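> Quick one, structure for this:
(chains A and B, ligands or ions: 6)
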Amino acid sequence: MTGQTDAKLEQVCKIIEKHHSDGSKLIPILQEIQEVYRYLPEEVIDFTARKLKIPAAQVYGVATFYSHFALTPKGKYLVKVCNGTACHVKKSIPVLNAIVEKLKLSEGKMTTDDMLFTVETVSCLGACGLAPVMVINEDVHGMMTPTKAVAEIDKILAEEAAK
Amino acid sequence: MTLDLKKIAESYKAKIEERRVIVCAGTACVANGALKVIDALKKEIEKAGISVRVDVHEENKNKKDLYLSKSGCHGFCQQGPLVTIMPENIFYVKVKPEDAAEIVETTLKNHQVVDRLLFVEPSDGKHAKNHNEITFYKRQNRVSLKESGHICPEDIEEYISEGGYEGAKKALTSMTSDEVCKLMLDSGLRGRGGAGFPTGKKWQFTLVNKSDVKYVVCNADEGDPGAFMDRSVMEGNPHSVLEGMLIAAKAIEGTKGYIYCRAEYPLAVKRVKKAIEDARSLGVLGKNIFGTDFSFDIEVMEGAGAFVCGEETALIHSIEGQRGMPTPKPPFPAKSGLFGKPTVINNVETLACVPLIMRNGAEWFKKLGSASSAGTKTFALTGHVANTGLVEVPFGTTLREIIFNIGGGVTDDQGKPMPDGFKAVQIGGPSGACLTPEHLDIPIDFDSVKAYGAIVGSGGLVVMNKNTCMVSVARFFMRFTQSESCGKCVLCREGTKQMLAMLDDIMNGDANEETLVKLEELAHAVSQGSLCGLGKTAPNPVLSTLKYFRDEYEAHVFNKKCPAKQCKALCAPEIDPAKCKGCTLCAKKCPVGAIEGAPGKVHKIDPEKCIKCGVCKETCKFGAVI
Ligand SMILES: Cc1cc2nc3c(=O)[nH]c(=O)nc-3n(C[C@H](O)[C@H](O)[C@H](O)COP(=O)(O)O)c2cc1C
Ligand code: SF4
Ligand code: SF4
Ligand code: SF4
Ligand code: FES
Ligand code: FES
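Numbers count the residues shown, from 1 in each chain, chains lettered A, B, ... in the order given. Ligands and ions are numbered 1, 2, ... in the order given. Predicted coordinates for the structure are as follows:
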């Protein structure tokens, strides 16, 4: 475990070095760190602040301002249901509700206990012609219906169970 | 050494095959399986003994029978994956990997058209062989989108072969900064990012502020949810944006460029980054461009999910590594922008127009549009309309032309034609307004729509049919702006929250006359008491729906009814005595015992007891519950 932690911290150091410890590059630095951990752990935020020689409060300020930064771990599969205007008028909310129900989530709890899924809404993925749209990790799924969306989740569940 | 663009163009043309299959590989088509279509086509083509290459530069320097290339978005994503066959210019839609064999056999070998893969015109059921036979395309005037969907976005040489970088070369080698600004001013180009500010003027303001470092920033944040024209340009023709920035840099004596792109567009980021690398290797970015003493380079920065960062001062703070909160103007970015240096910020589409103006002249551009708004504008047409997609038309085109002719008319919720279904169109996204049938014939430009409380904005057009509840539309946008408010101004932060709560009350049947009065008062207060455009325009959707659909608000408030039957809390079920068979099923299922009636007799719902759960409606086999 510690070995893995160290390896990850080393990656963080490399990221910061790559950006010449430049505080104005805080956002790309945090983005890259989040790719390593899939979220921003508290101790890594403090570590980054010290490395960049800026107050930890400033790093927290940025990390909490932007919606892409997560301060709590996210599931292995990040399901983003688009609720931009185009998707909304094509009934994206029933799609969202179906997934939330399927995974037994609720408004305050959007990550499953087994850390497999996190469900979020986003505003427009630029694929409005295929509204309503859902993205699972990198894969874009267009023209969703509640049934089709649940089928995608089932597919992942089956794949995971087979592992 | 001066770069010989003509020579690059000629050598490119000499090495490219006349026979070409172009597959759209924009975000939406990829989502629809375009990459699998490419693989299948390649396999089938090779199987048929036709030699093919997928990269004109690497794979065997010798010509082959055919070039299988990728393009960016055609703006017709709903019909994707799209496959175009040149030189015949045959246009196939909704192509699946299974269709590859037939395309190769019938079209590539036997020069016949596969009818079933052609686009079928919804109005007359005719099959269209190419773009020019499709009303959606025929009635557009594609200028800035012309090359997207045709050229390979990852090939700088192809961009050059279409006249690319000639405009930048002209600006850098034979014009002064003043002349470049003047040309833009003469062309009448106005910012496509929302405000419609004259680009030439903005550049002049920045030029006069002397500094050793100046920035050109491309605003690719495309925050309006439901608009995707900037994505399409970056994916389909990224070099046009780079060339626009290069010309802007010449105009303001800029030294460094940034493209601030929203992170939801990974493919656009990838294509733009590749374009920058290629431009650098060729020498159109970097030091001493075109043999002049002018140097300029561009960096890409990805946003992190904050709509307000589309506002220029917020965007600047975000590039600087801070929270993206707007600050008061003045100082204007032209004087003190990024890192305190003079900065010009332009939208993607604005910048993509610049090289075209350089190439074709100010007069050409001016003639394209209306008196006050030159050129064309791309609208993202979505919602309840037959053809959703990107529509580029000259300023001055009417909504009727866009929605009914190009868009093919209004549809119901299932996508079937709904001839009398038009209710409203939301123009300009969360800052915009809902317009009605009476506005269909206004020629749309920056100034004309203002009279109706609307803005062109980024160009989002969301069509809504008669089943849409306008209060819930207003609520949708209010929720969006409320959650995106940066929190700096009390009126924006708290006011939008209160407005949202009032809209919820209206939809839940908890509102009274006072709610409407207060909602309107607060709307005006929020727009006056907010610092940036987000707060200033957040009440627009509410104000415009209150203006044009007041009766619908009143029905919610006074009659506790949702005329569109969308607000669940207000849709009290009733039993139609003519249809009820007295089967008692609904009474048995009702969780609160609100339904009374003897077997065989007409049943009745007690509205006092009913909790509007909808179970009775689902239960009744005779459609008696309405
Ligand atoms: C809340 C808010 C969001 C904005 N979002 C965008 C955007 O996503 N893209 C954009 O180009 N302009 C956006 N703008 C407008 C920019 O502030 C700015 O006016 C524009 O980028 C200038 O470029 P232009 O003159 O080429 O239009 C936004 C403005 C506000 C107030
Ligand atoms: S108007 Fe709203 S978004 Fe703009 S600065 Fe004020 S609080 Fe922030
Ligand atoms: S289920 Fe329908 S038909 Fe039967 S009692 Fe109820 S309303 Fe009447
Ligand atoms: S809507 Fe629900 S509560 Fe109301 S009458 Fe029907 S079943 Fe009963
Ligand atoms: S609104 Fe959902 S992809 Fe654009
Ligand atoms: S992505 Fe292919 S048409 Fe838009």
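> Where does pLDDT dip in chain A?
A:1-3 (pLDDT under 70).
> The same query, at a cut-off of 50, please.
Scanning chain A for pLDDT under 50 picks out the ranges A:1.
> does residue A:81 count as helix, strand or coil?
Using DSSP: H, G, I helix; E, B strand; the rest coil, the structure places residue A:81 in strand.
> show me the contacts for it.
Residue A:81 is in contact with A:87, A:92, A:95-96, A:99, A:119-122, A:132, A:134, A:144, A:149, counting by CB atoms under 8 Å, 6 or more residues apart in numbering or on different chains. Where C-beta positions appear, they are placed from N, C-alpha and C, glycine not excepted.
> which bits of the stretch 501-626 of chain B sit near ligand 3?
Contacts of the stretch 501-626 of chain B with ligand 3, taken as CB under 6 Å from any ligand atom, map to B:575, B:580-586, B:603, B:619-620, B:622, B:624-625.
> of the contacts of residue A:81, closest to residue A:56?
residue A:120 (26.1 Å; CB to CB).
> contact partners of the helix or strand encompassing that closest one?
Following DSSP states H and E, one finds residue A:120 within strand A:117-122. The contact list for strand A:117-122 (CB under 8 Å, 6+ apart) reads A:74-84, A:92, A:96, A:99-100, A:103, A:105, A:110-112, A:135, A:153, A:156, B:264, B:305.
> is it fair to say residue A:26 lies in a strand?
No - going by three-state DSSP, the assignment for residue A:26 is helix, not a strand.
> Tell me how far the closest residue to it other than its chain neighbours lies from ligand 4.
Computed as CB to CB, 6 or more residues apart in numbering or on different chains, the closest residue to residue A:26 that is not its neighbour in sequence is residue B:321, at 3.8 Å. Separation of residue B:321 from ligand 4 (CB to the nearest ligand atom, to the nearest Å) stands at 54 Å.
> With residue B:420 instead?
On the measure of CB to the nearest ligand atom, residue B:420 and ligand 4 end up 30 Å apart.
> count of neighbours near that residue?
Residue B:420 sits with 9 neighbouring residues when counted by other CB atoms under 10 Å in any protein chain shown.
> how close does it sit to ligand 6?
30 Å.
> again with residue B:178
Taken as CB to the nearest ligand atom, the span from residue B:178 to ligand 6 is 40 Å.
> Verify the contact between that residue and residue B:203 for me.
No - the criterion here is CB atoms under 8 Å, and residue B:178 misses it with residue B:203 at 9.8 Å.
> of those two, who's got more company?
Between residue B:178 and residue B:203, counting by other CB under 10 Å, residue B:203 is the more crowded of the two (30 against 13).
> Report the beta-bridge partners for residue B:378.
residue B:392 (DSSP bridges).
> is it true that residue B:405 touches residue B:140?
No - using CB under 8 Å, residue B:405 is not in contact with residue B:140; the gap is 10.1 Å.
> who's more crowded, the two?
residue B:140 (25 against 17).
> Using the three-state scheme, assign the more buried one.
coil.
> For it, which non-adjacent residue is spatially closest?
Closest residue in space to residue B:140, ignoring its immediate chain neighbours: residue B:392 at 5.3 Å, by CB to CB, 6+ apart.
> so how far is residue A:145 from the residue in chain A positioned nearest to ligand 3?
Ligand 3 sits closest to residue A:94 of chain A, with a gap of 24.6 Å, by CB to the nearest ligand atom. As judged by CB to CB, to the nearest Å, residue A:94 and residue A:145 stand 8 Å apart.
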